[in-house]
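Trainee: the sequence isn't on hand, but the structure is:
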């Protein structure tokens, strides 16, 4: 197996269209808007599954079973994401990045709008939850290639000295999308009576996703194909079997991306999913205080992601990612001591902002450019789709599930151990990314990373 990047993978083709600063900015906006829509949809669905869907779509079940079924439909979106990532990632490597990004946007946006138009269980019976599940599957498939494809477009249009900054924009969009989705449903539930909200008011945020869809679709349709894909077409053509190629040629890079995704997603969902339950049950906080804390955590994350993404262009991606995992491992210990000693709502907000904002932000910021630079360009979309989405599904599913029973122990020690272990898992993967025969086999390094011999 060749361990260097061939000219056919990263060569300079004279027929590739030049990348202008304006085009780089437009690609960054297109990437940002798509992930904003993705996480707006996902956070909106998660919030609605908790407070609305049990009575609207599963009214024939008991309250407990209805809630369980509603939350189960949310989980389905994560189950299908690795499969969708493989399929759409392979198509993106074979037929181009732009086509897939237009498709993912339409799938996510259309499915979300249709959820807002679904009849209730009282109107059409069992067809209502069945249609909800089908739309959730479509959402999951669309989301499976959104972040990877958006990051790839942003990085491949970016000048080398700004890959970290522009590659962080999809992460920033993800954080802000989460804020918007949660805030939109909260606003509707606040300004409307409960009867009006449960009858039709909850549908408004779902239908409003159409505005984001329209703007994002206009941006993405007006983008040309990336210069990197043009170079691939001009120097040997796209890979015929990109998924098989990435598994056979870069298994270490695939494993690294998957485990780093488990670490980053696990930490993020620990703070954004589990800590809400912890705040309610162990700290006795009200729902408003918890929602404010979750919003604060995501706002801090959105603000810090581009800071660390831009910084990675100067000091290197890997050193910041490893620093983020080290910080999360260390912060796991004072975080629960602070909550135990000063269990106020303000301290809860601060811990979430420091944990998710700073810890996850340090990793998420450089991650976009970093993971695209680990894979060869002929199968990079497939590598991201398979590695990242599998890691995301595992991190999102396992960590909150393990954390919940630990929270009812007499001590918070084991919660700190769990959070520290997840962070160390991600740290080990980041360290492993520059060790072994595949180190240096992917895309162009940032100048800072090249100078240090690190990834």
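Mentor: Received, thanks. All of these numbers come straight from a predicted model, not from anything done at the bench. Numbers count the residues shown, from 1 in each chain.
Trainee: use CA for all of it now, contacts and neighbours both
Mentor: Fine.
Trainee: helix or strand: which one has residue 230?
Mentor: Per DSSP states H and E, residue 230 falls inside helix 227-234.
Trainee: quick one: mean pLDDT over that helix.
Mentor: Taken as a whole, helix 227-234 has a mean pLDDT of 90.
Trainee: which helices and strands does it pack with?
Mentor: helix 7-10, helix 146-157 (3 or more C-alpha pairs under 8 Å, 6 or more residues apart in numbering; DSSP states H and E).
Trainee: buried ones in the following helix or strand past that helix?
Mentor: Counting by DSSP H and E, the next helix or strand C-terminal to helix 227-234 is helix 242-249. Using 16 or more other C-alpha atoms under 10 Å as the test for burial, helix 242-249 gives 242, 243, 245, 246, 247, 249.
Trainee: in this structure the second one contacts residue 88, no?
Mentor: In other words, residue 243. No - with contact defined as C-alpha atoms under 8 Å, residue 243 does not count as touching residue 88 (10.5 Å).
Trainee: so what sits against both of those two?
Mentor: The contact sets of residue 243 and residue 88 overlap at residue 382 (C-alpha atoms under 8 Å, 6 or more residues apart in numbering).
Trainee: before we move on, the earlier item: quick one: the helix holding residue 230 to chain centroid distance?
Mentor: Distance of helix 227-234 from the chain centroid (C-alpha atoms, centre = their mean, to the nearest Å) equals 27 Å.
Trainee: what's the answer for stretch 31-50, then?
Mentor: Here the centre of stretch 31-50 is set off from its chain's centre by 10 Å, with C-alpha atoms, centre = their mean.
Trainee: ok, and what's touching it?
Mentor: Residues from elsewhere that reach stretch 31-50, judged by C-alpha under 8 Å, 6+ apart: 67, 70-71, 74, 105, 108-109, 112, 143, 146-147, 150-151, 153-154, 169-182, 184-185, 202, 205-206, 209, 212-213, 216.
Trainee: how does it look with 7 Å?
Mentor: By C-alpha atoms under 7 Å, 6 or more residues apart in numbering, the surrounding residues in contact with stretch 31-50 are 67, 70-71, 74, 105, 108, 112, 143, 146-147, 150-151, 154, 169-170, 173-174, 176-178, 180-182, 185, 212, 216.
Trainee: okay, buried residues for that stretch please.
Mentor: Applying a neighbour-count criterion of 16+ other C-alpha under 10 Å, one finds 31-49 buried in stretch 31-50.
Trainee: kindly report the same for stretch 87-104.
Mentor: By neighbour count with 16+ other C-alpha under 10 Å, stretch 87-104 contains the buried residues 87-94, 96-98, 100-104.
Trainee: ok, now stretch 21-34?
Mentor: 23, 24, 26, 27, 28, 29, 30, 31, 32, 33, 34.
Trainee: please apply the same query to stretch 275-290.
Mentor: Quick answer for stretch 275-290 (16+ other C-alpha under 10 Å): 275, 276, 277, 278, 279, 283, 285, 289, 290.
Trainee: tell me the least confident of those?
Mentor: Out of the buried residues of stretch 275-290, that is residue 277, at 79.
Trainee: if I look at it, how far off is residue 175?
Mentor: Applying C-alpha to C-alpha, to the nearest Å, the value for residue 277 to residue 175 is 20 Å.
Trainee: try residue 422
Mentor: To residue 175, residue 422 is 21 Å away according to C-alpha to C-alpha.
Trainee: over to residue 300?
Mentor: As judged by C-alpha to C-alpha, residue 300 and residue 175 stand 9 Å apart.
Trainee: where in the stretch 301-450 of the chain is pLDDT low?
Mentor: Residue ranges of the stretch 301-450 of the chain with pLDDT under 70: 435-450.
Trainee: could you pull out the helices in it for me?
Mentor: Assigned by DSSP state H, counting those that start in this stretch, the stretch 301-450 of the chain shows helices spanning 317-341, 345-352, 361-372, 380-407, 413-432, 447-452.
Trainee: care to break this structure down by domain?
Mentor: 18-228, 239-455 (automatic domain parsing).
Trainee: re earlier: the buried residues of helix 242-249 into JSON lines, with extra columns for pLDDT and distance to residue 227?
Mentor: JSON lines is the format used below for the buried residues of helix 242-249 (pLDDT from 0 to 100; distance: C-alpha to C-alpha, whole Å):
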{"residue": "242", "pLDDT": "95", "distance to residue 227": "19"}
{"residue": "243", "pLDDT": "94", "distance to residue 227": "22"}
{"residue": "245", "pLDDT": "95", "distance to residue 227": "22"}
{"residue": "246", "pLDDT": "96", "distance to residue 227": "21"}
{"residue": "247", "pLDDT": "95", "distance to residue 227": "25"}
{"residue": "249", "pLDDT": "95", "distance to residue 227": "24"}
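Trainee: may I see those residues arranged in TSV, with distance to residue 314 as well?
Mentor: Listed next are the buried residues of helix 242-249 as TSV, based on distance: C-alpha to C-alpha, whole Å:
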residue	distance to residue 314
242	32
243	33
245	32
246	29
247	31
249	30
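Trainee: returning to what we had before: out of the helices and strands packed on helix 227-234, which is closest to residue 78?
Mentor: Checking these against residue 78 by C-alpha to C-alpha gives helix 146-157 as the closest, at 13.3 Å.
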